[in-house]
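*Asks:* with the sequence up front, the predicted model follows.
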Amino acid sequence: MNIGLLGQYVINGMMLGMMYALVAVGFSLFFGVLDVIQFSHGDVVTGGAFAGLAVYLGLRGVLHSSSLLLVLVLMGAVVAMALLGIAIARGLVLPLRSAPALNTLLLTLMAGTVLRESIRLFFPNGSQPQRFPPLLSERAIALGSLTLRVDNLLLLAAGATLIGGMHLFITRTRLGLAIRAVAQDEETARTSGIPFRKVVLLTFAIGSVLAAFAGVMNGLYYNEINFGMGLLLGVIGFSAAVLGGLGNIYGGILGGFLFAGLQTVGAVALPLASAYKDVFAFGVVILLMAWRPTGLIGERASERV
Amino acid sequence: MLLIARGARWCSLSALLIASLALPALAKDTVKIAFIGPLTGGNSALGIGGRNSADLAVRLRNADPKLRYRYELVMLDDECKPDTGVQVATKAAADRSIVAGVTHYCSVVAVATVDTYHKLGLPTVVWGAVLPDVTYGHKYPEIHRVNGTMINQNETAANFMFQQGYRTWAVIHDTTDYGKGHNKYFSENINKLGGKITSTFGVTADQQDFTAELTQIKSQKPQALYFGGLTPIGVRIRQQMDKLGLDAQFQGTSGILSDDFIRGLGTLAEGTLAFREGAPLEKLPGGKFFAEKYAEQKYGSAAEAYGPFAYAAANLLIDTIEKTGPDRGKVIAELATVKDKDSIVGKITFDDHGQNTVAIITKYVVQDGKWVPWEDSEYASGKRKLKGK
Amino acid sequence: MEPNRGFSNRLAALALVAIATAGAAALLWVESDRAILILLLGIAIVAFGAGRIGILASLMQKALQQRRTIGTGAFLGILLVGFVFREDHFSLFLIGRVLLITLACLGLHLEFGAAGVVNFASAAFFGVGGYTAAVLSARTGIPHLLVLVSGGCASALIGSLLLLPLLRTRGHYAALITIAFGLLFRTFVEVNDSLGGPQGLKLNGFKFLGLQFNDELAAGPIHASFYENYVLLASVLVAIAFVLVQRLESSWLGLALDAIRLDEVAAASFGFEVARWKILAFTLGNFLIGVAGALSAFMVGFLAPNNFTFPESLTLVSIVLLGGIGNAWGLAVAAFLVVLLPEKLQILQEYRYLLYAGLVILILRFRPAGLIPRPMRRYLGHSA
């Protein structure tokens, strides 16, 4: 296997890892703040992608500049999903905080199904794969046998910036401090005067923004989106978050890239058909869970007995 | 007294009810024919095209007062999934008011449902599935097919590509029997001619990411990439080929011969090759007639590649039921005797396995956003060039 | 207990069963969309009205005291419906499916409703049973009844592979494991050609004591569709499973499972061997699911990876939830509605996942106890 081929696989793996990481971080955020697993998160990714597509379809007759369209598509996706995230938090998750965790789990699973099916049924031709416009530059740089596409690099850079920005936000701003406080101990945070509800809604909004971004990224990378893409992404994102340790943002990032790495290794190195790569990756996840039930980095939460 | 009055009222009411039920019997009896195809999902364009064509046939015939019966088309969606197909087939075949069926575009589904139709005794005519096993894999008298099989399609494809100067191929096929069938027949023909297949990959019918396979193919530099599968993943593969800078000629089968393929790729579709049994619509015996009548109905979507076959199948069934009456057993017996029957796709003859022979294979190429028969294209005349040579 | 009380209870039980049977038969009978909507509306109005007046609650309370009467009554009711529709292929097919889904959900109910072990791979275990049946019946000469049992055992066995990670984790982690397994299973059978790949596998009919189940059932002048055979067998299996689950629930075992479900830590501190009971519930539950899957494969004659996807698992879970966690009767009613309505109302067919999910959300939000809430456990035998 020559360097070019290897390089190609690395780039592919990193793209996947970035997308998984964005979703995983969302899961960790939600869990950290509310001790809740929002299973509809994967479908929020799909929602973001479709919201972006809708913006594009609506505006493409009017505007012709790719970059402007891109910005508007992103904004549309982000705003729509932030609102959706807040709605889910307000309507479904917050009211059931005191109910057994199982109920919330089921509730969010069903909410995800509702979102997915709504897209399939109500988006025109929703059951078919939709073409996502190539809004990024299509140029490619050839380095020997390795083809680097400019848009891939842009997406990687954007994802990294987003995660970096999130890290800065969480650690350097007051709002980020509030989020961390609520994640650590709800009661103390409230008695310190932190507006609990607002912080929770904000967290959900942020997580959904990340998901929307991942959705648009997915669309730009594959030039195609379909209503079912969120299901697998959600499960993988959740697996990645768990792998790295729920509630731990850096664990989520680690888990995302780890899972992508597992998939790529499974597809390439194993003598089995590349179709087994998912089987391989999930099998490893289950094994890891058996060995280290609280994830590789460890969960940042304690349980009240 | 009151009781008698009540009793009298009930009697007259029921008499009226019975009379009203009997009245429709004076009009023509309605006979139901089922249409089954992928009405949702990635192949829905072809399914809806087939449905509209079958519907056209039924409408046109219903307008004829000389017919013994009035026909109703019961439309069912198999989603191009074998499990849904079997469920829907059970529903249709178990319903005794449905006399016959125009069935299936997706070979995966057609192959899965043959047992159901046989078990429940429903005569069917396949309109779009090309896997040979659908008719040749068993000896059920219920199953027939008006369109051709993939054997001839791949033979012609191999010969054509060879003539054009291609010698090396990479093969990607889906892991259903459909994709595997295409792979089998195409590889056989290429090997016979002396060409070389550099690598073969089986992928799932809903796979998203092909970068692993395409990266490996790119390192082997084949001249052409043969794709044995349907439109949804065809679109993805062609797109990702471009992203990876894989510059080979994309060659597909009848599975990608749909407008959705072109819509999904935009300008990337230009120059793609595909093959199909049957002459192009304009050259079919009833082609112009079909095109005119189809346009009149303003269906909102095209008849697509297999619409004419669905139309022919529906008409064949109507003719048969007119002759034998709405009796499944008699329909099955009559269908076995079909020989040189005229239809818009040419003469239909069912062999001992219920298979119609379609001799002509048409080659298509995408030119300016449309599927154009090879001979009429600018590629044939040399004005445009195919890739990879 | 005064004989009068027992008699009126029995009457209430029989009345309920009769109403349910009549309702079921009516729903199966009607064909046109309009008729079904009218019928459903009628049933809803009657149920709502009865609920308001309080008749429903008191009837149910009386009836539930006579478990045996309800059980035998329901069994006879199923046989009656099966007889009435004996010539109608599709209705019998639906009845068969309802029975087998009920069987699978009973298994799920053991895991979920009793022990609180979350299983989002129920469709996968259903599939394990089905594939085992397909492979064994095609490649070996094992008598088919044993094949059914093997299907159950295979499910239980594969389930036990998940037990190690499942026992070490809790709540959402456990959920992740089962979800991952479900996806893993589906991908595995899809890419694995020896199990038919995406094309799936076909099965010949079930054979029992020389009787070919795929042949028409005929006894003198009475002819029945071949699906009747499956309906009869499925009814017997469901009856056995029902009795089993009821017995389990009213025993010490059931008490242990309840305690574990409600509060694991408290149960452990009271001396319950949490792990052991969880293992039992999970294995037994999967066994039932596997048997249901095996017989279902025989009845349909075909199975493909697409039958066992995550939305299908969610549907089974929805049935248990809609029926009320811990309530076996509610489960049966929910299973009937969930399987039947999309088939009868074509509009529903497309929207069915959306509908189930929406209903579950509403129930979880506003009525977490389910449609027919589970009665409190009685410790001192039949009380007033």
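*Replies:* Structure received.
*Asks:* tell me where the chain has strands.
*Replies:* Assuming you mean chain A. Assigned by DSSP state E, chain A shows strands spanning A:130-131, A:140-143, A:146-149, A:224-225.
*Asks:* actually, chain C is the one I wanted.
*Replies:* Going by DSSP E, chain C shows strands at C:201-202, C:207-208, C:211-212, C:217-219, C:222-224, C:302-303.
*Asks:* skipping its backbone neighbours, what lies nearest the residue in the stretch 1-150 of chain B that chain C sits nearest to in space?
*Replies:* The nearest approach of the stretch 1-150 of chain B to chain C comes at residue B:94, 3.4 Å away (C-beta to the nearest C-beta). (Each C-beta comes from the backbone N, C-alpha and C, glycine too.) Distances taken as C-beta to C-beta, 6 or more residues apart in numbering or on different chains put residue C:89 closest to residue B:94, at 3.4 Å, once the chain neighbours are dropped.
*Asks:* I'd assumed residue B:119 was in contact with the one you found.
*Replies:* No - checked against C-beta atoms under 8 Å, the pair residue C:89 and residue B:119 is beyond contact range at 9.5 Å.
*Asks:* what do these two both touch?
*Replies:* Taking C-beta atoms under 8 Å, 6 or more residues apart in numbering or on different chains as the contact rule, residue C:89 and residue B:119 both touch residue B:93.
*Asks:* does stretch B:349-369 come close to chain A?
*Replies:* No - Stretch B:349-369 stays clear of chain A (C-beta under 8 Å from any C-beta of the partner chain), getting no nearer than 13.5 Å.
*Asks:* what's the average pLDDT for that stretch?
*Replies:* Here stretch B:349-369 scores 88 as its mean pLDDT.
*Asks:* OK, contacts around residue 89?
*Replies:* This is for chain A. Going by C-beta under 8 Å, 6+ apart, residue A:89 touches A:200, A:201, A:204.
*Asks:* actually it's chain C I care about, not the one you picked
*Replies:* Residue C:89 is in contact with B:90, B:93, B:94, B:95, B:96, B:120, C:225, C:227, counting by C-beta under 8 Å, 6+ apart.
*Asks:* between the residues you listed, which has the most around it?
*Replies:* Counting neighbours by other C-beta atoms under 10 Å in any protein chain shown, residue C:227 comes out on top of these with 30 neighbours.
*Asks:* any idea whether the closest residue in space to residue B:290 that isn't next to it in sequence is helix, strand or coil?
*Replies:* Leaving aside its sequence neighbours, residue B:290 sits nearest to residue B:344 (C-beta to C-beta, 6+ apart; 5.1 Å). Here residue B:344 is recorded as coil under DSSP: H, G, I helix; E, B strand; the rest coil.
*Asks:* list the contacts of residue B:344.
*Replies:* Neighbouring residues of residue B:344 by C-beta under 8 Å, 6+ apart: B:284, B:285, B:286, B:287, B:289, B:290, B:308, B:311, B:312, B:315.
*Asks:* right, and the second one touches residue B:346 too?
*Replies:* Yes - using C-beta under 8 Å, residue B:285 is in contact with residue B:346, at 5.8 Å.
*Asks:* of these two, who's got more company?
*Replies:* For residue B:285 versus residue B:346, the count of surrounding residues by other C-beta under 10 Å is larger for residue B:346: 22 against 14.
*Asks:* wouldn't residue A:256 be in contact with residue A:237 here?
*Replies:* Yes - contact criterion C-beta under 8 Å: residue A:256 and residue A:237 qualify, at 7.3 Å.
*Asks:* which residues in chain B form helices?
*Replies:* B:2-22, B:44-62, B:82-94, B:107-120, B:133-136, B:150-163, B:177-193, B:211-220, B:231-243, B:259-265, B:287-297, B:307-324, B:328-335 (DSSP state H).
*Asks:* so does the last one get close to chain C?
*Replies:* No - taking C-beta under 8 Å from any C-beta as the criterion, helix B:328-335 and chain C are apart, separated by no less than 12.8 Å.
*Asks:* how many residues are close by residue B:187?
*Replies:* So residue B:187, with other C-beta under 10 Å, has 20 neighbours.
*Asks:* ok, residue A:133 next?
*Replies:* By the criterion of other C-beta under 10 Å, residue A:133 has 18 neighbours.
*Asks:* now it: phi and psi?
*Replies:* For residue A:133, the backbone dihedrals (degrees, to the nearest 10) come out as phi -70, psi 140.
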